[in-house]
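>>> okay, here's the prediction I keep looking at, along with the sequence it came from:
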Amino acid sequence: MKQKHFSILAVSLLIFVGLFTYVSFCSPVQALCAHNANVNDSANNEINQLAPRYYEYSEAAYNEAQKTGNQVVLYFWAPWCTTCSALEIEITKDPQLIPEDVIILRIPYDDSAALKAKYFVVTQHTFVQVDQLGNSLQLWVGGSPEDFRKKL
């Protein structure tokens, strides 16, 4: 009987610690947490800036980015992707890593079937540079902020 109570207590403690760790980790770095990943579709007309020249994808953000004349890069991101999380931290800590003439639109990988199909994206941490008409100019998977300067 003592062993059963100990097991229940141990499992309860693990759940509590796990939940506390998840909430504590998510609070300072909101973009890394699955419960904060917004579904962005064509009905979303808000523009949510994550860092300078780095926005959550929405129709409004896409249209505004195209109006600037800057290079537009679509970034297929997932909150559960460790390389995506690492890049997110780098960009938010040092926004100057994104070149001045580049705007990046972060698209939630799990919630964007139509855009993934349009641009032939098959994995998260994929970047697609698009032209003024929304046509793909180039696609690459993975990389760091230094790759923006090399690729674009």
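Nice, I can see it.

>>> low-confidence ranges, this structure, go.
Counting by pLDDT under 70, the chain shows low-confidence ranges at 1-45.

>>> what residues are up against the most centrally placed residue in the chain?
Nearest residue to the geometric centre of the chain (Cα atoms, centre = their mean): residue 77, 3.7 Å. Residues in contact with residue 77 (Cβ atoms under 8 Å, 6 or more residues apart in numbering) are 84, 88, 106-109, 124-125. Glycine gets a C-beta too; all of them are placed from N, C-alpha and C.

>>> which ones among these map onto strands?
106-108 (DSSP state E).

>>> neighbour count and distance to residue 152 added to those, as JSON lines?
Formatted as JSON lines, the ones in strands among the contacts of residue 77 follow (neighbours: other Cβ atoms under 10 Å; distance: Cβ to Cβ, whole Å):
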{"residue": "106", "neighbour count": "25", "distance to residue 152": "17"}
{"residue": "107", "neighbour count": "24", "distance to residue 152": "18"}
{"residue": "108", "neighbour count": "19", "distance to residue 152": "23"}
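
>>> and this protein, what are its domains?
2-31, 38-151 (automatic domain parsing).

>>> pick the most buried one from these.
Across these, averaging neighbours per residue (mean count of other Cβ atoms under 10 Å) puts domain 38-151 on top, at a mean of 16.

>>> all strands of the protein, in order?
Counting by DSSP E, the strands of the chain are 49-51, 54-56, 71-77, 102-108, 126-130, 136-141.

>>> residue 79 and residue 56: what is the separation?
12 Å (Cβ to Cβ, to the nearest Å).

>>> likewise for residue 96?
For residue 96, the distance to residue 56 - Cβ to Cβ - is 20 Å.

>>> check residue 105 too.
Residue 105 is 7 Å from residue 56, by Cβ to Cβ.

>>> intersection of neighbour lists for these two?
With Cβ under 8 Å, 6+ apart as the test, residue 105 and residue 56 reach no residue in common.

>>> could you pull up the residues touching the residue nearest to residue 74 when sequence neighbours are not counted?
Distances taken as Cβ to Cβ, 6 or more residues apart in numbering place residue 128 nearest to residue 74, at 4.5 Å, with adjacent residues excluded. Residues in contact with residue 128, defined by Cβ under 8 Å, 6+ apart, are 73-74, 76, 119, 121, 136, 138-139.
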